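> Provided below for reference: sequence and predicted model.
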Amino acid sequence: MRSVATDPPAPAHHAAAGAAGAGAVRPAAPAPAGPAGAPRAPHTPRGAWAAGFGQAVPVMLGYVPVAFAFGVLGHTAGLPWWAMVAMSAFVYGGSSQFAALQLLAVGAAPYAIVLTTFVVNLRHLLLSAAIAPRLAGWRRREQALFAYELTDEAFAVHSAQYADRAERPKAEVFTFNTAVHASWVAGTLAGVLAGDLVTDVEALGLDYALPAMFMALLAAGIIADRRGLAVAAVAGAGAVGLTLLGLQYWAVLVAAAVAATFGLAIAPREERTDAAADGPDHRDEEGAPGR
């Protein structure tokens, strides 16, 4: 029975245990891998900050001119600078801020302004529901801070990034959110300060910067996904059609809900196709059916 101890260990055991002996070489630890199994270098705090800011730059370039236009319009309407900056800091919603500004200019009742802002921002319920599973392991205060700075454009970027990497450093995520939020507030302040120099905002075409930037982000996220392309087509056509019918603020919310339902309806077919391609039976190492 002593021969068992003196025989050299089996290669499989040696590789698995990585035992150190004379001439034995311990294999290098594998680099962290992404969802597709590709090696990915671990993030340092500085690298995460740089990555988050790099992702934010395209969005900032779209935010600043639109926020500038909002500041100019607010100055023209006679609102104080601090009120405009506070609205960009706390409301932080482009379409809802412009809608509230129009209502303030005509002297609408406060409840009408609050209700309109609420309805316009209802789409964030759908955005939050879609991104929430990615934040399941976060603390409540971190989730609240993320939700506070969630916008349409931020949702597009975060969705694309999480599709490539299931795990992202929180420093990267919050650097992105903080940078784009700061650009929106800074653009508003610049517009208020330059309000006396700019008399016609529409002539500058600043209102097109945000839709153009968002369409670019959307195209980058759905170009390789047929189901995403179909859902985007349904949502876009529905929003345009409902707007032409006069729904205005409800158009985006209703179209998004219909498109999301359509996406859910066509998802099971693709999942069944993928499962059939992988094989008829998935079992774990013990031979029991996989869960």
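That came in fine, so what should we check first? Numbering: from 1, shown residues only.
> Quick one: the strands in this protein, in order.
For the chain, applying DSSP state E gives no strands.
> Averaged over its residues, which helix or strand of it has the lowest pLDDT?
Using mean pLDDT, DSSP states H and E, helix 11-17 stands out as the lowest-scoring helix or strand of the chain, at a mean of 43.
> Tell me where the model's unsure across the stretch 151-291 of the chain.
Applying pLDDT under 70 to the stretch 151-291 of the chain flags residues 199, 201-214, 216-224, 249, 268-291.
> which residues in it form helices?
152-164, 170-193, 209-222, 226-244, 249-278 (DSSP state H, counting those that start in this stretch).
> So which of those is nearest A51?
Across these, A51 has its closest neighbour in helix 170-193 (4.9 Å, C-beta to C-beta). The C-beta positions use only the backbone N, C-alpha and C, and glycine is treated the same way.
> Check which helices and strands that closest one sits against.
On a contact count with 3 or more C-beta pairs under 8 Å, 6 or more residues apart in numbering; DSSP states H and E, helix 170-193 meets helix 45-76, helix 81-90, helix 140-148, helix 152-164.
> got the angle for the last one vs helix 45-76?
Right, the one you point to is helix 152-164. 160 degrees (axes from the mean of the first three to the mean of the last three C-alpha atoms, to 10 degrees).
> what angle do helix 152-164 and helix 140-148 make?
Interaxial angle, helix 152-164 versus helix 140-148 (the same axes, to 10 degrees): 120 degrees.
> circling back to that earlier point, tell me which of the helices of the stretch 151-291 of the chain sits nearest to P58.
helix 209-222 (6.7 Å).
> Grab the nearest non-local neighbour of V258.
Leaving aside its sequence neighbours, V258 sits nearest to G238 (C-beta to C-beta, 6 or more residues apart in numbering; 5.5 Å).
> residue contacts, the one you found?
A251, V254, A255, V258, A259 (C-beta atoms under 8 Å, 6 or more residues apart in numbering).
> Include neighbour count and distance to V234 when you put those residues into CSV, please.
Shown next, in CSV, are those (neighbours: other C-beta atoms under 10 Å; distance: C-beta to C-beta, whole Å):
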residue, neighbour count, distance to V234
A251, 18, 13
V254, 16, 12
A255, 22, 8
V258, 17, 7
A259, 21, 4
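> ok, now which ones touch L193?
Contacts of L193 by C-beta under 8 Å, 6+ apart are G71, W81.
> distance of Q55 from R141?
23 Å (C-beta to C-beta, to the nearest Å).
> go on, V240?
39 Å.
> more crowded one of these two?
Counted by other C-beta atoms under 10 Å, V240 and R141 do not tie: V240 has more neighbours, with 12 against 8.
> State the distance from that one to L127.
V240 is 20 Å from L127, by C-beta to C-beta.
> ok, now A112?
25 Å.
> Looking at the two, which has the bigger crowd around it?
In this view A112 and L127 are compared by other C-beta under 10 Å, and L127 has more residues nearby, 19 against 12.
> Thought A156 was touching the more buried one, still the case?
No. Look at L127 against A156 with C-beta atoms under 8 Å: they stay out of range, at 9.4 Å.
> tell me the contacts of L242?
W250, A251, V254, A255.
> which among those residues gets closest to I266?
For these, the minimum distance to I266 (C-beta to C-beta) is 16.7 Å, reached by A255.
> Nearest residue to that closest one in space, ignoring adjacent ones along the chain?
Once flanking residues are discounted, A255 sits nearest to G238: 3.3 Å by C-beta to C-beta, 6+ apart.
> Just say which of the helices and strands packed on helix 170-193 is most tucked in.
helix 45-76 (a mean of 20; mean count of other C-beta atoms under 10 Å).
> any idea of the mean pLDDT for it?
For helix 45-76, the mean per-residue pLDDT is 90.
> Can you name the residues that contact A255?
V234, A235, G236, A237, G238, A239, G241, L242.
> Out of those, give me the one that has the most neighbours.
Neighbour counts for the contacts of A255 peak at A235, which has 21 neighbours (criterion: other C-beta under 10 Å).
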